[in-house]
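Participant: The sequence and its predicted three-dimensional model are supplied below.
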Amino acid sequence: MSSGKVLLGVLAGVAAGAFLGILFAPEKGSNTRKNISKKGEDFAEGLKEKFDEIIDNISDKFNEVKEEASDITEQTKAKVSEIKKEVKAATR
């Protein structure tokens, strides 16, 4: 299981626990609604941060693969050029 899924599960569990704790707390309804709203905003912010982190990781991996592909392309071009020179030299 990936760490992203584990973290998302933990965040969902924390949010559910906080939500249930607020619902069963002995407070006025208006205070409870404010608390639920605040916890919802906190949860959404946490999800956004996690999403941004995942996007950054994907972007980093993409750039690594792109650089590796570029290196392989350059090596292949050099090898092809070398082979062309050898073929020209052999046909003379």
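Facilitator: Happy to help now that I have it. Computed from a prediction, not measured in an experiment: that's the story for all the values here.
Participant: how distant is the helix or strand hosting residue 21 from the center of its chain?
Facilitator: According to DSSP states H and E, residue 21 maps onto helix 3-23. The chain centroid and the centroid of helix 3-23 are separated by 19 Å, computed with Cα atoms, centre = their mean, to the nearest Å.
Participant: got the buried residues for it?
Facilitator: Using 16 or more other Cβ atoms under 10 Å as the test for burial, helix 3-23 gives 8, 15, 18, 22. (Glycine included, C-beta is placed from N, CA and C.)
Participant: Nearest residue to the second one in space, ignoring adjacent ones along the chain?
Facilitator: Right, the one you point to is residue 15. Distances taken as Cβ to Cβ, 6 or more residues apart in numbering place residue 43 nearest to residue 15, at 4.3 Å, with adjacent residues excluded.
Participant: can you count the residues close to the one you found?
Facilitator: Using other Cβ atoms under 10 Å, residue 43 has 17 other residues around it.
Participant: gap between it and residue 87?
Facilitator: In this view, residue 43 and residue 87 are 65 Å apart by Cβ to Cβ, to the nearest Å.
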